[in-house]
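# Just need the structure, nothing else, for what follows:
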Amino acid sequence: MEKLSKEEMKKVVGGVMAPPGCSGSCDWQWTDEKGKTHTVSGTCLTAPEHPELCYCSSGGGNCNKPV
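Okay, here's the model as predicted:
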């Protein structure tokens, strides 16, 4: 039977337990009072207080949760 060192255990447990960060881009579309559609692009970021959640830096739009 093989034993893992403390450092190896941290890597194994950290890789399983730590949620992955958010990545990718997101678009937020909105319509002004004249009916013109605008698109604002942003980046998907990890919420500091809730690392399991993602949000879009543009203020709107959707980001998928980390898998």
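# quick one, strands of this structure?
All strands of the chain, identified by DSSP state E, fall at 25-31, 37-46, 54-56.
# Let me have these in JSON lines, extended by distance to Asn62, mean neighbour count and mean pLDDT.
In this view, the C-beta of every residue, glycine as well, is placed from N, C-alpha and C. Output for the strands of the chain, formatted as JSON lines (distance: least, C-beta to C-beta, whole Å; neighbours: other C-beta atoms under 10 Å; pLDDT from 0 to 100):
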{"stretch": "strand 25-31", "distance to Asn62": "6", "mean neighbour count": "13", "mean pLDDT": "90"}
{"stretch": "strand 37-46", "distance to Asn62": "9", "mean neighbour count": "14", "mean pLDDT": "92"}
{"stretch": "strand 54-56", "distance to Asn62": "7", "mean neighbour count": "20", "mean pLDDT": "90"}
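# any chance of these in JSON lines, with distance to Cys63 too?
Formatted as JSON lines, those follow (distance: least, C-beta to C-beta, whole Å):
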{"stretch": "strand 25-31", "distance to Cys63": "5"}
{"stretch": "strand 37-46", "distance to Cys63": "4"}
{"stretch": "strand 54-56", "distance to Cys63": "4"}
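# residue ranges with poor pLDDT in this structure?
1-20, 65-67 (pLDDT under 70).
# how about a cut-off of 80?
Applying pLDDT under 80 to the chain picks out residues 1-20, 61, 64-67.
# hey, where'd the helices end up in it?
6-17 (DSSP state H).
# ok so, going back, any idea which of the strands of the chain gets closest to Asn64?
Asn64 lies closest to strand 54-56 among the strands of the chain, at 6.8 Å (C-beta to C-beta).
# for that closest one, packing partners?
If you count contacts as 3 or more C-beta pairs under 8 Å, 6 or more residues apart in numbering; DSSP states H and E, strand 54-56 packs onto strand 37-46.
# and the angle from the strand it packs on to strand 25-31?
150 degrees (axes from the mean of the first three to the mean of the last three C-alpha atoms, to 10 degrees).
# partners of strand 37-46 in the sheet?
strand 25-31 (antiparallel), strand 54-56 (antiparallel) (DSSP bridges).
# Dump that strand to CSV, keeping only the CA atoms.
The C-alpha coordinates for strand 37-46 follow below in CSV (Å, rounded to 0.1, in the frame of the first residue of the first chain):
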residue,chain,number,x,y,z
THR,A,37,-30.8,47.3,-28.6
HIS,A,38,-27.4,47.6,-27.0
THR,A,39,-24.9,44.8,-26.2
VAL,A,40,-22.3,45.2,-23.4
SER,A,41,-19.6,42.5,-23.3
GLY,A,42,-18.1,41.5,-20.0
THR,A,43,-16.0,38.7,-18.3
CYS,A,44,-17.3,36.0,-16.1
LEU,A,45,-15.9,36.4,-12.6
THR,A,46,-16.0,34.4,-9.4
